[in-house]
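Novice: for reference, the sequence and a predicted model appear below.
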There are 6 protein chains.
Amino acid sequence: MVKNPIVTTVDFERDGVRHGHLRLPYSHDASAWGSVMIPISQIKAGDGPTVLLSGGNHGDEYEGPIALVKLARRLKTKDVAGRVIIVPAMNTPAFDAGRRLSPLDGGNLNRAFPGRPDGTATQKIADYFSTVLIPMADFVLDIHSGGKSLEFLPFAAVHRHDDAALEERCRAAMAAFGAPYSAVLREMDPAGLYDTAVEAQGKVFVTTELGGGGTARPESIAIAERGVANVLRHAGVLSGKIKSAPTAPLDMTDPQGFVIADAGGLLEPCVGLGDRLKKGDVVARVWNVTHPEHAPVSYRAGIDGLLAGRHFPSKVAAGDCIAVIAQETPIT
Amino acid sequence: MVKNPIVTTVDFERDGVRHGHLRLPYSHDASAWGSVMIPISQIKAGDGPTVLLSGGNHGDEYEGPIALVKLARRLKTKDVAGRVIIVPAMNTPAFDAGRRLSPLDGGNLNRAFPGRPDGTATQKIADYFSTVLIPMADFVLDIHSGGKSLEFLPFAAVHRHDDAALEERCRAAMAAFGAPYSAVLREMDPAGLYDTAVEAQGKVFVTTELGGGGTARPESIAIAERGVANVLRHAGVLSGKIKSAPTAPLDMTDPQGFVIADAGGLLEPCVGLGDRLKKGDVVARVWNVTHPEHAPVSYRAGIDGLLAGRHFPSKVAAGDCIAVIAQETPIT
Amino acid sequence: MVKNPIVTTVDFERDGVRHGHLRLPYSHDASAWGSVMIPISQIKAGDGPTVLLSGGNHGDEYEGPIALVKLARRLKTKDVAGRVIIVPAMNTPAFDAGRRLSPLDGGNLNRAFPGRPDGTATQKIADYFSTVLIPMADFVLDIHSGGKSLEFLPFAAVHRHDDAALEERCRAAMAAFGAPYSAVLREMDPAGLYDTAVEAQGKVFVTTELGGGGTARPESIAIAERGVANVLRHAGVLSGKIKSAPTAPLDMTDPQGFVIADAGGLLEPCVGLGDRLKKGDVVARVWNVTHPEHAPVSYRAGIDGLLAGRHFPSKVAAGDCIAVIAQETPIT
Amino acid sequence: MVKNPIVTTVDFERDGVRHGHLRLPYSHDASAWGSVMIPISQIKAGDGPTVLLSGGNHGDEYEGPIALVKLARRLKTKDVAGRVIIVPAMNTPAFDAGRRLSPLDGGNLNRAFPGRPDGTATQKIADYFSTVLIPMADFVLDIHSGGKSLEFLPFAAVHRHDDAALEERCRAAMAAFGAPYSAVLREMDPAGLYDTAVEAQGKVFVTTELGGGGTARPESIAIAERGVANVLRHAGVLSGKIKSAPTAPLDMTDPQGFVIADAGGLLEPCVGLGDRLKKGDVVARVWNVTHPEHAPVSYRAGIDGLLAGRHFPSKVAAGDCIAVIAQETPIT
Amino acid sequence: MVKNPIVTTVDFERDGVRHGHLRLPYSHDASAWGSVMIPISQIKAGDGPTVLLSGGNHGDEYEGPIALVKLARRLKTKDVAGRVIIVPAMNTPAFDAGRRLSPLDGGNLNRAFPGRPDGTATQKIADYFSTVLIPMADFVLDIHSGGKSLEFLPFAAVHRHDDAALEERCRAAMAAFGAPYSAVLREMDPAGLYDTAVEAQGKVFVTTELGGGGTARPESIAIAERGVANVLRHAGVLSGKIKSAPTAPLDMTDPQGFVIADAGGLLEPCVGLGDRLKKGDVVARVWNVTHPEHAPVSYRAGIDGLLAGRHFPSKVAAGDCIAVIAQETPIT
Amino acid sequence: MVKNPIVTTVDFERDGVRHGHLRLPYSHDASAWGSVMIPISQIKAGDGPTVLLSGGNHGDEYEGPIALVKLARRLKTKDVAGRVIIVPAMNTPAFDAGRRLSPLDGGNLNRAFPGRPDGTATQKIADYFSTVLIPMADFVLDIHSGGKSLEFLPFAAVHRHDDAALEERCRAAMAAFGAPYSAVLREMDPAGLYDTAVEAQGKVFVTTELGGGGTARPESIAIAERGVANVLRHAGVLSGKIKSAPTAPLDMTDPQGFVIADAGGLLEPCVGLGDRLKKGDVVARVWNVTHPEHAPVSYRAGIDGLLAGRHFPSKVAAGDCIAVIAQETPIT
């Protein structure tokens, strides 16, 4: 039975504000006795519930890190009842590199759960969350965005769950978050997700997609900041009323809503995020700049709905998801 | 006297539609007798004026290539009076790589003019434009966007010029383009620009910045397409009336309008493109995610104006231009 | 129990010609929701036997992909009785990169069998063959060549097998193929081979080595095309008589036939493919160009035989196999 | 049950001097039938004990390879009673690249034990030691240095062991080695170490750290050469008296002795190797060259002791071990 | 006036056999005071003519280096009357890397003449030949092959020259070489060639193309060795009669003989080297393996002739020269 | 006439302490409007002489940057009479990368003088020194060390100069510096050196070599700090007496003192820095670890002297300078 090698400078049982690191020993050519330093902050007062807040699960998604570093700096002991644990850049090597995946091992942290204490750097991080941080939490909020290659309508999401009571508690937390859109996902391939690892421990879990393109904007940061504060209020860790906001349902469970390129080229988007489409409408065209004598390939909507996500870069490769069309079905 | 080695499959004197290439011999490890193939299209009918349209001067700017490949495919001989020469991806190696600069030689094509026939691949391309294409043109329109690292309000621009008559003709073409914003630039460092090479030959030149971030959107593509058609109508190559649109002036000549990071970190933009700022307002903050105990660095506006451009990625490095603030001064 | 994530656009039960893809979701920095698109074609008519044809198991071997894409384009529903499934580039990422191994994970597909549905991209491809394609097949033909670093006499091959009846059926299919040379292999290290995975399911399996050097020639392509057609006729999927051709036996089972470099340098081959050697003859010399005062190292034949394979590049490294000498023993 | 694929040209049972290789088949893009060639020498005479000597476990540590290649060339059959097996560069690919880790798979050989016969190249090497070489040995000496990123006082070391008799025999061999310093280690994380694999087979094991920085000096080479000869004499394989030398104890088991950087910068060492420190003394400062207006970060000793190891390069990253302070406690 | 920094260990005025180096100082990250060591051998006896023999002008062409290192090792002082200077790997960094171009600076040595003493490493090598070696020579033979990306019929060649007497002497040397084919070239773009630099000094120059694909074969090496010896006999440096062999004329001056790909894909060669073609015959097809529903692009001969050269790898990119068709015109 | 594009935030005419940057615009793929930020500090009081202090001319040499950033932080306006300009990392991109040469363009700053305002990034930095900083200076001290690949005895140095008065003033400044060793160099290849550019403007110039290996030690930093303060006192900018120290002469002008490897391998140094050698003594051996049956190559001293410099890494390549032997000749 191997022990996770990560050590931390934070005492999770002590009240107060503490900014520290999770130190993961990582021997490499440039530093035989080097380590990965994952920033972690804790604000704790008394025995209330624990909320675990995270960003940077993918290293090129920025609303989470920005909202959370601001929160970590702003929150004082007197503000909280219970414990807030903040990890603004879960996959720190990926975040430092500005990449989705870890440059250390190519690892996709959100596909590495529950992790291994003797695995790759990415698997060790996952294992530390699985065995140390998630068990301490009552509520877990993981803030994603589209990253450099995708862009989404801003939405919060929970998963369908066999445990109806847990699903209900997750939905309540999502409602508290108050994103412009809300989705209940039926994950077709849940293996390896942080989401799955959290829910398997019976903890309330909310995730988001807020913007994308490898940038963040004042309005998307504001959604993240308000949502985080709302979830903390919902959990009872922050006092005060939830700042509610209207939200619209998104249903992205129909595979026909995913538009896949079968050849590469220059992508002309024909509709924008939030635009409504009828089945058969042209969503995008892919052009061959080298040979304009060849007609572009037109990609069409497979269902009625609105454009909820899109491939961000103007160059597209065979196999890329060009667009996601969501149905505006009320959540039931 | 070395001759430019580029050969073309297009006969510039023949009427009709022709899609071909500029073939630049390029010997490399993977192909001793390889070449760079730069797509070029010509639509010609009779003896009217010549308009040279280009995109992809920087390889990660996409409104130009999209609007121009669509035009190249759509335009028929009967539509034109004169000649339209379209080069949708001037720096084809950079465009193919999805990068600002050429992967062949690191060359910034827009700093390589007037070029050299015996220089690097990028310099040879510049030289071919300088010695073959520009001399054939009466009007030159070069469509830029912000690329992967910048994002701009959509504007067309011309340069202050010693030759007042030429400047006036350029302004008239810019007005015809009809972008939401229009700028008259005083280039502080004009050496090497395509702009400079065109103007030095006394030709009418208009450039643009339309969006950025390495993506294109339906609305920014529409601006490019309408602008291109308007310039062709203005030149008399296309018939029909110019589709006018309101435009607002932008003056970006005050060096105090450029906000430069003096250390790297996570960028929190505090205002969005088009927002108005007073001198001293916080434009952005740069955070240290690894050490939230350190306060962020706040960057402030050096002048009154509106946010006309911004650093797109959420990671910023020392020396990066974070923001450009433009004055809304009427063009005189 | 994890399910293989590959989905296909081909309906394996429907008659007719269908060109589609195996789509393997592959999330990476440049495309969060990207996929690997492996081309697959099916030509099916009625309920006859199924022949599974593949190339590009290693991505730098070309007779297979060329012969198979030609076949895929040429074969019509009316031509066949049964089903032909064609995968011209099994390890598509390797094929696209022109490399033996996958650039995604360094994977050698032919050492990744039976694969894993939750493994690397290469392991997932292997698993899809093991669990979906091989079970549908009655005959499997996998066309290899020497690749960029080896060159072979053109031969077809089968393996010694504990199941004498299966070995006999494989030999019959090899004879039908009709390559200039034929070999019965005793694999010293069968773990991970596609061959092993096919035979483990009791299916008839034939493999080949046709040429090499990362090129293909009209004559080696012709061997592949004739052989494929012959195997289809042998299986009864194509009608018509097998176009027989003389074949000579090759026995490459003696470890003394493999000549290994124990230091690197410039390789001077002293004999050509197909040349006959006596034990002790010099096969090749390795020269030190930097220090011609040092004598070259001579490598000698360990057995009598003919040169059946050779290291293709003129630079050789310690540990490389310089030459393979085969005995001309009748197959028994 | 997979067999280790490594074959050797050395007959371990035959008397005499033999320089050969361990050949590990390694198929890669540049050589489909390539191999890794790990040099190995054996000097054997009769039936005495076997001493297994190794260097290059990490590829950027040089006292071992230099002392061992000199020994391999110098030692004659008549000199020995028993068997000396010399592997001067265990992780040959790392050694050839001048890197700590293997360029083939990123593997840290000293964390790959006991290895896997069907794993990565590094794991296969570990497995060959575990299953072939260690079982033949009575004494194992593995010579480490600091490598490119660390520098140490020269010391030999053994581990605390549950088997007191084995620990005693290891201590005796360490004493024979006669390094300037001697340490008894309590490995906090023994998983994967060569040390652990050797001790698990009940063999006498001594390791060292001799210098560092990716260089070797006449005096550190001399320590290695004398120590190797002494161990061979101690084992009875070489005749003659041990050349004793004074040694001082080092105790590096207090975690407070390890000084870790929590941010990167330019490293100013304030003490040298062997200097004595009091708890609270400044060991090093880390400077921000870009912003000299920021004060340097001072790192202080957590315990009394002497500086036994240090980060070698002047650039330091967050998480790097800057210094190791050892207590001068007599070994008990 | 900058002096070429290359120094040599060879005394060009001293009789005897000398193997040495041209040492070019080259400061780089891994060696501040490093140098490039270009092997050079001289065999000299008395005052006869000087023949300068070279290979490795492009680093992936091997008949030259093999034939020349063999000659350097074999030739004795007593064998010669005059001086033989052998540089088997002119662009040593490229040769060591197995690449056409220099990994140090991307330089194509055969486009870097006459060179610069203060330029890149490649330009310095060219300058040393221009200012030191060529002036010493009476005859210069530079042995090329197709390299990794091309394959040729074996031919020797000279250039059309304004100086008819010089051209005549070159033709006589080419005839002496005795390659299977012989060509008189009219270089369309002679700038930067070694050939041009030699001829500009009025020296007899012969070049060759012998095989290709990054390999060498016994028969192509034999052509090189016989040709080298014949040229030395022709020059009077070796005694004995020229070993004559039949040669056929090749005329590659018609631009219509060069077949250029205008899109990439999988290359199917339809004819082999030496095959005769009529104008309009299909030379090759380029297939789209990803989309077999698209027809291949057929490339046809632009003139009658025989296939004299071809693109070697099976993957082809837009702009690559697929084939060279030569006319069998007698040399006049 | 192109203007140098570097702008600075330091007002060179204003008294006081100012830490700022030289900002060099540098457009690249990751930041279209990015810049290189070279740190510069000025401490000025009144009209005394100007001393320009620099480190990081090569980016892997650390005594300079450490001593200078400490000085920049410590020095107050009241301490000085005149002006101290400090550039601790001249080639900032190289310094940030921990490499000798610039990662932007491969440039060796110390071979790029006098530079070009329209050249590469490295050439622009050189030009800024040549045209702005050197002209302001009376004394220039440039602190070098051996870098990652060399190690030296600590010495200060000046050059032989045609202007005897200037040479005398340089010698006086060198004597003030007070390094353990002092050298008067006769640069064989002065083109491109910073030294040459400074001396050409008639300014007093002193350079150093202090240690190496890519590290710095307390004792080598102390030499740098004391030397810098002494030069400032010598110039009259700091008050107080020069802290004198004994210095020994070094003469490194005999080319026979430079020992060059003619083949690569594992380097065994046989003498240490400062050791005395007789002509013919073995300085080092180079071993072939892969083939211990081959004898090592011994390199011998070409002159009597002491070991003043040596190749630092234990791996050596053909052409590397293994050792520098200096004569202990009194400076005249």
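Specialist: Noted; the coordinates are in hand. Numbers count the residues shown, from 1 in each chain, chains lettered A, B, ... in the order given.
Novice: could you list the low-confidence segments of chain A?
Specialist: A:1, A:331-332 (pLDDT under 70).
Novice: which parts of it sit against chain E?
Specialist: Contact residues, chain A versus chain E (Cβ under 8 Å from any Cβ of the partner chain): A:262, A:263, A:290, A:291, A:318. (Each C-beta comes from the backbone N, C-alpha and C, glycine too.)
Novice: so who does the first one touch?
Specialist: With contacts defined as Cβ atoms under 8 Å, 6 or more residues apart in numbering or on different chains, the neighbours of residue A:262 are A:297, A:318, A:319, C:21, C:37, E:291.
Novice: can I get these in CSV with distance to chain F and secondary structure?
Specialist: Converted to CSV, the contacts of residue A:262 look like this (distance: Cβ to the nearest Cβ, whole Å; DSSP: H, G, I helix; E, B strand; the rest coil):
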residue, distance to chain F, secondary structure
A:297, 28, strand
A:318, 24, coil
A:319, 24, coil
C:21, 31, strand
C:37, 27, strand
E:291, 31, coil
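Novice: out of those, who's the most crowded?
Specialist: Highest neighbour count within those, by other Cβ atoms under 10 Å in any protein chain shown: residue C:37, with 27 neighbours.
Novice: so what sits opposite that one in the bridge?
Specialist: residue C:23 (DSSP bridges).
Novice: distance of it relative to residue F:92?
Specialist: 44 Å (Cβ to Cβ, to the nearest Å).
Novice: residue A:266 too?
Specialist: Taking Cβ to Cβ, one finds residue A:266 at 37 Å from residue F:92.
Novice: swap in residue A:114?
Specialist: Taking Cβ to Cβ, one finds residue A:114 at 44 Å from residue F:92.
Novice: same drill for the two, tell me which one is more crowded.
Specialist: Neighbours were counted for residue A:114 and for residue F:92 using other Cβ under 10 Å; residue F:92 has more, 28 against 17.
Novice: quick one, what contacts the more buried one?
Specialist: F:36, F:37, F:38, F:39, F:56, F:59.
Novice: next up, phi/psi of it, please.
Specialist: phi -50, psi -40 (degrees, to the nearest 10).
Novice: neighbours around the residue of the stretch 201-332 of chain A found nearest chain F, how many?
Specialist: Minimum separation of the stretch 201-332 of chain A from chain F (Cβ to the nearest Cβ) falls at residue A:214, amounting to 11.1 Å. Using other Cβ under 10 Å, residue A:214 has 28 other residues around it.
Novice: same deal with residue A:13?
Specialist: For residue A:13, using other Cβ under 10 Å, the count is 9.
Novice: need the contact list for the closest residue to chain F within the stretch 51-200 of chain A.
Specialist: Closest approach of the stretch 51-200 of chain A to chain F (Cβ to the nearest Cβ) occurs at residue A:98, with a separation of 8.7 Å. For residue A:98, the contacting residues are A:59, A:60, A:148, A:214, B:313, B:315, by Cβ under 8 Å, 6+ apart.
Novice: please redo it, this time with the cut-off set to 6 Å
Specialist: A:60, B:315 (Cβ atoms under 6 Å, 6 or more residues apart in numbering or on different chains).
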